[in-house]
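Asks: got a predicted model here, sequence first, then my questions.
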Amino acid sequence: MPTQHETDRDFDHFDRRILDALAEDGRISITDLAKRVGLSNTPCQSRLKRLIADGYIEGFKAILNPAKMGLDHVAFAEVKLTNTQEGALRAFNEAVKKIPEVEECHMIAGRFDYLLKIRTHDIKRYRHVLGERISELPFVASTSTNVAMETVVDNWSSRQRTNG
């Protein structure tokens, strides 16, 4: 397996163009991808396989529309822990991964320890998730909630949307 340094050295503008094209349309055919990045099919497919093997591409998935699924209530919970030693952090990290409503979880350097993005049907369901699941996570001392009124920019998801 290549080292990180070797992987970075092998990464070039064709690889960047492949990643950009796939982020825009994950269902693009090899033929269309090769044309788009300026390679023939075989080298393009070889590069794609290498990008997957080297971990640049972690998988392919459908980008779902949460509003169509009735999941348009987004809240951000700031979580403060009672203990921030490694064991406590590991316990919290493992437990929070088991809550399906938690869309993102970030360890934060600041006035709280974690920022959770939680997506639910409505405020009533959010209150249940907060009270029954988040507050019961290991080492949680306190939480504070910020409710999103509107998503203005979501660049990461929009770069990954398919064209079809």
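Replies: In hand now; what should we look at?
Asks: contact partners for Leu130?
Replies: 75, 77, 118, 143, 145 (C-beta atoms under 8 Å, 6 or more residues apart in numbering). For the C-beta atoms, the positions are set from N, CA and C on the backbone; glycine is no exception.
Asks: same check, this time on Cys44
Replies: Taking C-beta under 8 Å, 6+ apart, one finds 18, 30, 33-34, 37 in contact with Cys44.
Asks: what's the PyMOL syntax to select whichever of those residues are buried?
Replies: Selecting only the buried entries of these in PyMOL, with 16 or more other C-beta atoms under 10 Å as the criterion:
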select buried, resi 18+33+34+37
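Asks: can you redo the contacts of Cys44 as a markdown table with secondary structure, distance to Ile63 and pLDDT?
Replies: As requested, those are exported to a markdown table (DSSP: H, G, I helix; E, B strand; the rest coil; distance: C-beta to C-beta, whole Å; pLDDT from 0 to 100):
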| residue | secondary structure | distance to Ile63 | pLDDT |
| --- | --- | --- | --- |
| Ile18 | helix | 19 | 96 |
| Ile30 | helix | 21 | 97 |
| Leu33 | helix | 18 | 97 |
| Ala34 | helix | 24 | 97 |
| Val37 | helix | 22 | 97 |
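Asks: just the contacts of Cys44 now: which is nearest Ile123?
Replies: Nearest to Ile123 out of the contacts of Cys44 is Ile18 (C-beta to C-beta; 42.4 Å).
Asks: let me know the secondary structure of Leu48.
Replies: Following DSSP: H, G, I helix; E, B strand; the rest coil, the label given to Leu48 is helix.
Asks: next: Glu78.
Replies: Assignment for Glu78 (three-state DSSP): strand.
Asks: is it bridged to anything, and to what?
Replies: Bridge pairing for Glu78 (DSSP bridges) gives the partners Leu115, Ser144.
Asks: residue contacts, it?
Replies: 108, 111-112, 114-115, 143-146.
Asks: give me the most central residue, the chain.
Replies: What sits nearest the mean C-alpha location of the chain, by C-alpha atoms, centre = their mean, is Glu104, with 6.7 Å.
Asks: in CSV: the contacts of Leu130, plus distance to Gly59 and pLDDT.
Replies: As requested, these are exported to CSV (distance: C-beta to C-beta, whole Å; pLDDT from 0 to 100):
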residue, distance to Gly59, pLDDT
Ala75, 27, 98
Ala77, 27, 98
Ile118, 23, 98
Thr143, 31, 98
Thr145, 31, 98
